[in-house]
Every structure is written in structure tokens, then in C-alpha cells.
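> Fold the following and give me the result.
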Amino acid sequence: MKPFTRESLQQVVDRKREKVDTSAWTPGEESYLWVQELSAAERDQLEIENVRANTGKGKRDKIGFRTRIAIASCVDDEGNRVFRREDAALLAEKPSSVIESISEAYRRVNSMTQEDFDSMEALEKN
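Numbering: from 1, shown residues only. Coordinates of the predicted model:
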């Protein structure tokens with residue numbers, strides 16, 4: 001085993017990914033997308049947005065944490081984001097089974113505990 005160095009960090013390019021079945025959104029055909037591990041900066045941004053949206057002087061936006069997760073972490077085969085913030089209302093109207101599968105995959109690839117996830121989601125209820 002060798003020591004981890006700054007140069008080693010610069011060579012790290014892989015992020016964990018998990019394939020999620022989206023066939024419930026495409027009746028009659030099989031489909032999928034990838035849930036990709038977020039960078040540290042992306043995860044910080046996601047969590048900051050969630051806190052800001054659900055605390056403070058009544059400035060609550062209508063985007064739920066699970067929808068934020070889908071927007072931030074869903075990518076295609078080439079690693080390009082599938083959804084944009086403008087897609088939030090459309091995502092919120094789709095069957096929850098796929099959003100739940102995306103959320104579960106997000107927790108796994110980002111090593112987020114159920115307790116961590118529940119605390120972020122609880123902000124929406126307070």
C-alpha cells in the first residue's frame with residue numbers, strides 16, 4: 001500500500017453510479033437513467049439549497065428534497081445531467097416509485113445514512 005498524495009487526488013475521476021429503472025415513466029418500453037455520486041461541492045450545494053428553501057423568513061420554495069436529488073444526481077450514459085431545475089414541477093407530478101428508487105440509489109452512491117436523509121427531508125415538514 002502506498003500513501004495517498006495530492007497527485008493521487010488529481011487522478012481520481014470516477015464517481016460511483018447506480019442504474020435506476022425508469023420504465024414506470026415510459027409505459028410499454030424499458031428505460032433507465034443513472035444516479036451518480038455528487039462531488040463534495042455539489043452535495044454541499046444541494047444541502048445548502050434545501051436548508052435555505054425550508055428555513056428562514058417564509059421563503060419556502062415548492063421543490064421537495066427528493067426532487068432536488070433527482071435534478072442533482074440523475075445522468076445519462078455519458079454523465080450529462082438528465083434534469084434541470086425547470087423540470088421540478090414535472091418531476092413532482094410523476095409516479096413516486098421512480099423518485100423513491102432514485103432517492104434510494106442516491107443514498108447508496110453518496111454514502112448517506114437513512115438518518116442523514118431523514119433529517120434533510122424533515123426540513124420540509126417543519
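> Give the next helix or strand downstream of the lowest-mean-pLDDT helix or strand in the chain.
Within the chain, confidence by mean pLDDT, DSSP states H and E is lowest for helix 6-11 among all helices and strands, at a mean of 75. Beyond helix 6-11 in the direction of the C-terminus, DSSP states H and E gives the next helix or strand as strand 17-21.
> and that next one, what does it pack onto?
strand 32-36, helix 96-109 (3 or more C-beta pairs under 8 Å, 6 or more residues apart in numbering; DSSP states H and E). From N, CA and C alone the C-beta is placed, and that goes for glycine too.
> okay, the ones you listed, which one's buried deepest?
Comparing the helices and strands packed on strand 17-21 by mean neighbour count (mean count of other C-beta atoms under 10 Å), strand 32-36 ranks first with a mean of 21.
> Buried ones in whichever helix or strand comes after that one, by neighbour count?
Where DSSP H and E defines the elements, the next helix or strand beyond strand 32-36 is helix 40-54. Buried residues in helix 40-54, counted by 16 or more other C-beta atoms under 10 Å: 43, 46-47, 49-50, 53-54.
> check contacts around the nearest residue to residue 15 once chain neighbours are set aside.
With sequence-adjacent residues excluded and distances taken as C-beta to C-beta, 6 or more residues apart in numbering, residue 15 is closest to residue 37, at 4.1 Å. Each residue near residue 37 by C-beta atoms under 8 Å, 6 or more residues apart in numbering is listed here: 15-17, 73, 109-110.
> From residue 10, how far off is residue 37?
18 Å (C-beta to C-beta, to the nearest Å).
> before we move on, what about residue 27?
For residue 27, the distance to residue 10 - C-beta to C-beta - is 45 Å.
> same thing with residue 64?
Residue 64 is 36 Å from residue 10, by C-beta to C-beta.
> which one of those two has more residues nearby?
residue 64 (18 against 8; other C-beta atoms under 10 Å).
> Local confidence estimate at the more buried one?
Residue 64 is assigned 85 on the pLDDT scale.
> and if you look at residue 12?
68.
> Cheers, nothing more for now.
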